[in-house]
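My questions concern the predicted model and sequence given below.
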Amino acid sequence: GAEKLSQSVGANVSTALAGKVAGVNFRMMDGQPGAATSISIRNMGNALFVIDGVQSTQGSFNNLDFNDIESISVLKDASAAIYGLNAANGVILVTTKKGQKGKPRFNYSGVFGWQKPTDVPEMMNAGQFMDIKNEASINAGGEPILTKEELMKWKEGAPGYESTDWYDEAMKGSAFQQQHNFSVTGGSENVDFFFSLGYLTDNGIVKNDGFDYEKYTFRSNLSAKLSKHLTAEVLIGGRYDTKKTPRFTFFDIFKATRAAWPTERPFANNNPDYPSKVFLDNNPVAMSDPDIVGYSQTNNKALQTTASVKYDVPFVQGLQIKATGAYDSNMYMGKNAHRSYDVFTYASETDTYLKQTIGAPAYINNSYDDHNKLVLQAQVSYQRLFNKRHNVGVTLVYEQSKYWYRNSSLHRDYDFYTNDQVDQGSVNNMK
């Protein structure tokens, strides 16, 4: 599991894990850079995630760098019963890497990859499209919308009758992705440590470089033997990522490459200063350009901390008492600077460009979310082998958790777009 993950190229753990675990279903809801994959066991709904012994969420799971994972296990049915009703849909157990005794050992891993769609449906060219429209008009009892001569011009791609492949206009053939991880592990008789730093970047396959995703991670796992029977462990993991997209999502842009007619052009009169008005007003070339339509940006800071103390009771062989406290913090900041934009139709008779404004009014929105979770856990376990063949094991766990959050947002419409600062919006429409 963990070895295969370290050889993967994925924006997060769920994406890298897809297809590597039997009985676990993965579904990517969004093709944008940085998008996560939903995970379910036997299609029974969302699984419970347990990271280093503490119940968590898929969001916290995705905050991990898969280079920092020691093992991943999947519990189903009765084996997940210890986690109660929360484990009704199965449990995914994650253990992060810990220190190993010995001199410090340094490790670097770098992965460079190219990504491209495996299968993109081929759309009709302009000649085929106009031929079908002619046939549809005749089948409906009408006259052909084009003469044979004009239809032949579309089929031959004569000047002024060129065909547009909207997918090629809006998308790149492939995209570059890279990730790097540096770690050091070591320890002495009483203290073990593991430190790591990670970086990933992914720009996606949309032209205009409107999509961009960067992720930074760190982990510090320390364990110390405080006395003969007492050990302590402090695990800290963090992640900072930033995601930037045009105003429209990848799905919207891809859908527009399916809907725009091949007889239409990206720019009116092929003039790049005038994005053209197309069918349903969805010009994918304009929609993918943040300089035309504006952008959305999110910054996410996540911190995961776990501290535990474990006591091996000396006068009862096999009896162990463990206390654990975990605190997770996730701070999110989003910004939407959405511009209204103009599309044009060229009037050759007058050599003028007829304008239509889309997406008015332009607006800016800033949002903030602060999510916090505190978990306290007490565990008593007894494990002993009698007569070399009778194994007795009992575990009692008490856990309580508290979750709280705050959020706020600021919104202003623009009388006319100036720049992407909220104080430049109109005071007449604030939310």
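Sure thing, it's come through.

For residue 180, which residues count as its bridge partners?
Per DSSP bridges, the residues bridged to residue 180 are residue 110, residue 199.

And the pLDDT for it?
For residue 180, the pLDDT comes out at 94.

How confident was the prediction at residue 315?
Value for residue 315, per-residue pLDDT: 89.

next helix or strand past the longest helix along the chain?
The longest helix of the chain (DSSP state H) is helix 126-139. Later in the chain than helix 126-139, the nearest helix or strand by DSSP states H and E is helix 148-156.

so who does residue 217 touch?
Contacts for residue 217 (CB atoms under 8 Å, 6 or more residues apart in numbering) come out as 63, 64, 65, 68, 196, 197, 198, 199, 237, 238, 239, 240. C-beta here means a position set from N, CA and C on the backbone, and glycine is covered the same way.

now residue 170
206, 207, 253, 256, 257, 284, 285, 287, 288.

what about 7 Å?
206, 207, 253, 257, 284, 285, 288 (CB atoms under 7 Å, 6 or more residues apart in numbering).

Tell me where the stretch 101-250 of the chain has helices.
Per DSSP state H, counting those that start in this stretch, the stretch 101-250 of the chain carries helices over the ranges 126-139, 148-156, 166-170, 250-259.

can you count the residues close to residue 283?
Other residues lying near residue 283 total 29 when counted by other CB atoms under 10 Å.

Apart from its chain neighbours, what residue comes closest to it?
residue 275 (5.5 Å; CB to CB, 6 or more residues apart in numbering).

and that neighbour, bridged to which residues?
residue 267.

ok, it to residue 408 distance?
Distance of residue 275 to residue 408, given as CB to CB, to the nearest Å: 35 Å.

which of those two has more neighbours?
Remark: of residue 275 and residue 408, residue 275 carries more neighbours, 23 against 9, as counted by other CB under 10 Å.

quick one: contacts for residue 23?
41, 42, 74, 76.

Tell me the one among these nearest to residue 107.
Of all these, residue 107 sits closest to residue 74, with 26.8 Å by CB to CB.

So for residue 218, which of the helices of the stretch 101-250 of the chain sits nearest?
helix 250-259 (28.9 Å).

Show me what secondary structure element comes after the closest one.
helix 284-287.

other SSEs contacting that following helix?
helix 166-170, helix 250-259, helix 290-293 (3 or more CB pairs under 7 Å, 6 or more residues apart in numbering; DSSP states H and E).

what distance separates the second one from the centre of its chain?
This points to helix 250-259. Distance of helix 250-259 from its chain centroid, counting by CA atoms, centre = their mean, to the nearest Å, is 19 Å.

about what we covered before: CSV for the contacts of residue 170, including distance to residue 217, neighbour count and pLDDT?
Formatted as CSV, these follow (distance: CB to CB, whole Å; neighbours: other CB atoms under 10 Å; pLDDT from 0 to 100):
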residue, distance to residue 217, neighbour count, pLDDT
206, 25, 25, 94
207, 29, 17, 92
253, 29, 27, 95
257, 34, 22, 96
284, 33, 26, 97
285, 35, 24, 97
288, 29, 28, 95
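
Farthest-apart pair in the residues you listed, please.
207 and 257 (11.2 Å).

ok, and what's touching stretch 136-144?
With contacts defined as CB under 7 Å, 6+ apart, stretch 136-144 is touched by 134, 145.

do that again at 8 Å, thanks
Contacts of stretch 136-144 (CB under 8 Å, 6+ apart): 134, 145, 151.

show me the contacts for the first one.
Residues touching residue 134, when contacts are defined by CB under 8 Å, 6+ apart, comprise 144, 145, 146, 151.

Show me which of those are buried.
Taking 16 or more other CB atoms under 10 Å as the criterion, what is buried in those is 146, 151.

Check the contacts of residue 134 and tell me the two furthest apart.
Largest pairwise distance in the contacts of residue 134, by CB to CB, is 9.1 Å, between 145 and 151.

Which neighbours do these two have in common?
Counting by CB under 8 Å, 6+ apart, the common neighbours of residue 145 and residue 151 are 130, 134.

ok so, going back, the longest helix of the chain vs helix 148-156, what angle?
Per axes from the mean of the first three to the mean of the last three CA atoms, to 10 degrees, the angle that helix 126-139 makes with helix 148-156 is 140 degrees.

Quick one: mean pLDDT over helix 126-139.
On average, helix 126-139 scores 95.

Kindly report the same for stretch 39-49.
In this model, stretch 39-49 carries a mean pLDDT of 82.

ok, and for it, which residues are buried?
For stretch 39-49, using 16+ other CB under 10 Å, the buried residues are 39, 41, 47, 48, 49.

and of the helices and strands packed on helix 284-287, who's closest to residue 330?
Per CB to CB, nearest to residue 330 of the helices and strands packed on helix 284-287: helix 250-259, 23.7 Å.

if we can go back for a sec, columns distance to residue 97 on top of the contacts of residue 134, output as a markdown table?
Listed next are those as a markdown table, based on distance: CB to CB, whole Å:
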| residue | distance to residue 97 |
| --- | --- |
| 144 | 70 |
| 145 | 66 |
| 146 | 67 |
| 151 | 66 |
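
Out of the contacts of residue 134, the closest to residue 423 would be?
Among the contacts of residue 134, and counting by CB to CB, the member closest to residue 423 is residue 145, at 52.5 Å.

Against residue 210, how distant is residue 50?
Residue 50 is 38 Å from residue 210, by CB to CB.

I meant residue 178, not that one.
19 Å.

Tell me which of these two has more neighbours.
residue 210 (24 against 13).

quick one, what contacts the spatially closest residue to that one that is not a sequence neighbour?
For residue 210, ignoring the flanking residues on the chain, the nearest one in space by CB to CB, 6+ apart is residue 246 at 4.0 Å. Under the criterion of CB under 8 Å, 6+ apart, the neighbours of residue 246 are 206, 208, 210-211, 253, 287-290, 293-296.
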